[in-house]
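Q: Please work out how this folds:
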Amino acid sequence: MSDIARTPAQLGAVIRRQRKRKGLSQTQLAEKTQLRQASISQLENGELQLKTLMEVLAALNLELVVQERTRASQSIEDLF
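A: Okay, here's the model as predicted:
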């Protein structure tokens, strides 16, 4: 499964969906990453730091792939 995220808010939404799919609360994910629950909340709200992002992606068994942007026939906002 892959998601497209082009803004911090969209990336936060992807992380939130993945966390919930794995049945984790923000507090449980924070414990898994040794971060504060508030840091997870900030990340999911698009207020992120790269180090925090990488730790959370690892904890959720996700990876970041950088590639050329695709041309969408619909607005990216319609996807979320």
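Q: ok, and Arg69, which helix or strand is that part of?
A: Arg69 belongs to no helix or strand when assigned by DSSP states H and E.
Q: Then Gln42?
A: helix 37-44.
Q: same check, this time on Leu11
A: Using DSSP H and E, Leu11 sits in helix 8-21.
Q: ditto for Leu29
A: Using DSSP H and E, Leu29 falls within helix 26-33.
Q: so what's the spatially most central residue of the chain closest to, chain neighbours aside?
A: Most central in the chain under Cα atoms, centre = their mean is Ile15, positioned 2.6 Å from the mean C-alpha point. Spatial nearest neighbour of Ile15, excluding adjacent residues (Cβ to Cβ, 6 or more residues apart in numbering): Glu44 at 5.7 Å. In short, each C-beta sits where N, CA and C put it, glycine included.
Q: list the contacts for that neighbour?
A: Residues near Glu44 by Cβ atoms under 8 Å, 6 or more residues apart in numbering: 12-13, 15-16, 19, 26.
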